[in-house]
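**Q** Next one to model:
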Amino acid sequence: MVAPSPRLADVGPRPGSPAVEVHELRRSFGGREVLKDVSVSVEPGTLLALLGPNGSGKTTTVRILTTLLRPHGGSVHIGGYDVVRQAAHVRGIVGLTAQQATVDDILTGRENLELLGQLHRLGRGGARRRAGELLGRFGLAEAADRRVATYSGGMRRRIDLAASLVAAPSVLFLDEPTTGLDPRSRHGMWEVIRGLLGDGTTVLLTTQYLEEADQLADDVAVLREGRIVAAGSPQQLKRRVGEERLTLRVSAGAAERARRLLGALTDPAGTRDDSATTEVTLALRDPDHLRRCLDDLASAGIEVLDVDLRRPTLDDVFFSLTDQEVAA
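**A** Purely as a prediction, here's the structure:
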C-alpha cells in the first residue's frame, strides 16, 4: 500500500492529463539494464495489462510508477505529476496491491482497514465507515472481525485490494493480484476490478494469466527483456499473429471436393486438405464466410461432421512475441 502525505491526501489528477505517461524509461541494477526506453500511456478510466515473462521488468516498472524506486532515465508522470520531483503528489492519487500481502495478519480485516483510514486522516468515524463500505463491497463483512491470519488465499487478496482502496485512489496498480487463486476466486477478483473501472478508476495490471488480460484490458503492452515489443488492444494484437481458422471434418472421401469448392471462397494457400483425417482448414475472411461455406457444402451434398473455429488468443500473441528476437 502506498500511503500519501496527509497534507496531499485530497490532491487529484491534473485535468486533461493521461492517467499514466511513461517516456523512454530506463533502470539498471548492478550495471545490468533492466528497463530500456519503455514508453507507454494509459488514459483515465481504462485498464492497461502489462504482460511479459518472468524477469522482463514488469515489477520494476510498477515500483518506479508508484514512487518506490527511482528511474535512471526517461520521464514518468502519474495524473500529470512527475514521480521524482512530485512524488508526494503521486502518492496522493495512487494505490498499489503488490504481489505480497501488505496487511497485518495479527489484526482483523476491519482493524486493518480502520487503521489505514486513520493514517489517511479520515478520522475515527470516517475510517470506520470506509472500512465497513469496503468490507461489504469485497464480500468480507462476515469475516470482518476475524484475524487476517485465518483468511483463505482469496480472502487475503481481497482484503489486500481493499486496503489499497481506503483512500479512493484514482490510479490503481495491481501487480499479479490473482496469482495462486483458484478459478472461482480469480473470477470473483475480475468482477471487483470491473467494478472499479466502472467507477472511473484507472488500472495498470501485471499478470501471468493471458485470459485475465483478454477479459479485462482495454489495451495490452508486452514487455520483453526490458522493452515494449508490442502494444494495442487485445483484438489488434491477436490479429497481428494470424487470422481466424475454420476446420471442417467432412464425410469420408469428400475432402478433395470440399477443398476445391471452398477454394473459390478463399486463398488456396490458406486451405489445407488432410485426406487421412478428412479435414479441410481455411482462413475465414469475414463474419459471413462460415455461413457461405456451410451453405455451399450442403448444396453440393457434402456432409459436415464437425466444425471447429479457432481464433488467435493472447497466448498466441505472448508466445509469438516473447519467443522471437526483439523487433526494432
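
**Q** and the nearest residue to R310 once chain neighbours are set aside, backbone torsions?
**A** Nearest-residue entry for R310: R245, 4.9 Å, with adjacent residues in sequence omitted and distances by Cβ to Cβ, 6 or more residues apart in numbering. For the C-beta atoms, the positions are set from N, CA and C on the backbone; glycine is no exception. Torsion angles at R245 (phi, psi; degrees, to the nearest 10) stand at phi -120, psi 130.

**Q** Is R245 in contact with L284, as I believe?
**A** Yes: here R245 reaches L284: they are 7.2 Å apart, a contact under Cβ atoms under 8 Å.

**Q** returning to that earlier point: how near is the residue nearest to R310 to R285?
**A** Distance, R245 to R285, by Cβ to Cβ, to the nearest Å: 12 Å.

**Q** Next: A254.
**A** Per Cβ to Cβ, A254 is found 22 Å from R285.

**Q** Kindly report the same for A213.
**A** Where R285 is concerned, A213 sits at a distance of 27 Å (Cβ to Cβ).

**Q** Compare those two (neighbour count), which wins?
**A** Higher neighbour count among A213 and R285: A213, with 26 against 15, using other Cβ atoms under 10 Å.

**Q** ok, that one - contacts?
**A** 49, 51, 205, 207, 220, 234, 314 (Cβ atoms under 8 Å, 6 or more residues apart in numbering).

**Q** Disregarding flanking residues, what is the spatial nearest neighbour of the last one?
**A** Think L314. Counting by Cβ to Cβ, 6+ apart, L210 is the residue found nearest to L314 once chain neighbours are left out, at 4.0 Å.

**Q** Would you agree that neighbour is in contact with D316?
**A** No: with contact defined as Cβ under 8 Å, L210 does not reach D316; the gap is 9.0 Å.

**Q** Mind listing the shared neighbours of these two?
**A** Common contact partners of L210 and D316 (Cβ under 8 Å, 6+ apart): none.

**Q** all strands for the protein, in order.
**A** 20-29, 32-42, 47-51, 73-78, 81-82, 94-97, 171-175, 202-206, 219-224, 227-232, 245-250, 272-274, 279-283, 304-310 (DSSP state E).

**Q** between those, which one is nearest to F138?
**A** strand 94-97 (11.9 Å; Cβ to Cβ).

**Q** In the sheet, which strands lie alongside that closest one, parallel or antiparallel?
**A** Taking DSSP bridges as the criterion, strand 94-97 sits next to strand 171-175 (parallel) in its sheet.

**Q** Put the alpha carbons of the partner strand into CSV.
**A** Below are the C-alpha coordinates for strand 171-175, written out as CSV (Å, rounded to 0.1, in the frame of the first residue of the first chain):
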residue,chain,number,x,y,z
VAL,A,171,-4.9,5.2,-10.3
LEU,A,172,-4.6,1.7,-9.1
PHE,A,173,-1.6,-0.6,-9.7
LEU,A,174,-2.3,-4.3,-9.4
ASP,A,175,0.9,-6.5,-9.5
